[in-house]
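Q: Sequence unavailable; structure follows:
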């Protein structure tokens, strides 16, 4: 996937645990773990809004495009 997740770095910079963030934004630790690991296939704007609001950051601070497209994803969109 061409999108990389830097949520752990944002949490560390703010000296916050993922458990604390979960409590603040109202999602389960399991769902946040999927996002943190980069295995999430999508994320709701509302969730991003709450994460960025509580971490006082921009979306680009936690999600970045690495420039390497996954050709299998492109093929699935073309169908």
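A: Thanks, I have the structure now. Because the structure is a prediction, the values reported are computed rather than measured.

Q: ranges for the helices of the protein?
A: Taking DSSP state H to define them, one finds helices in the chain at 7-13, 18-25, 29-37, 45-55, 59-62, 71-78.

Q: okay, the ones you listed in TSV with mean pLDDT and mean neighbour count next?
A: Quick note: C-beta positions are derived from backbone N, CA and C, even for glycine. Formatted as TSV, the helices of the chain follow (pLDDT from 0 to 100; neighbours: other C-beta atoms under 10 Å):
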stretch	mean pLDDT	mean neighbour count
helix 7-13	96	15
helix 18-25	97	15
helix 29-37	96	15
helix 45-55	97	15
helix 59-62	96	15
helix 71-78	56	8
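
Q: nearest residue to residue 37 other than its sequence neighbours?
A: Excluding its sequence neighbours, the residue lying closest to residue 37 (C-beta to C-beta, 6 or more residues apart in numbering) is residue 5, at 7.6 Å.

Q: cool, and residue 40?
A: Computed as C-beta to C-beta, 6+ apart, the closest residue to residue 40 that is not its neighbour in sequence is residue 34, at 4.9 Å.

Q: Residue 42 is in contact with the one you found, correct?
A: No: with contacts counted by C-beta atoms under 8 Å, residue 34 stays clear of residue 42, the gap being 10.5 Å.

Q: ok, now how distant is residue 12 from residue 36?
A: 11 Å (C-beta to C-beta, to the nearest Å).

Q: do the same with residue 56
A: 18 Å.
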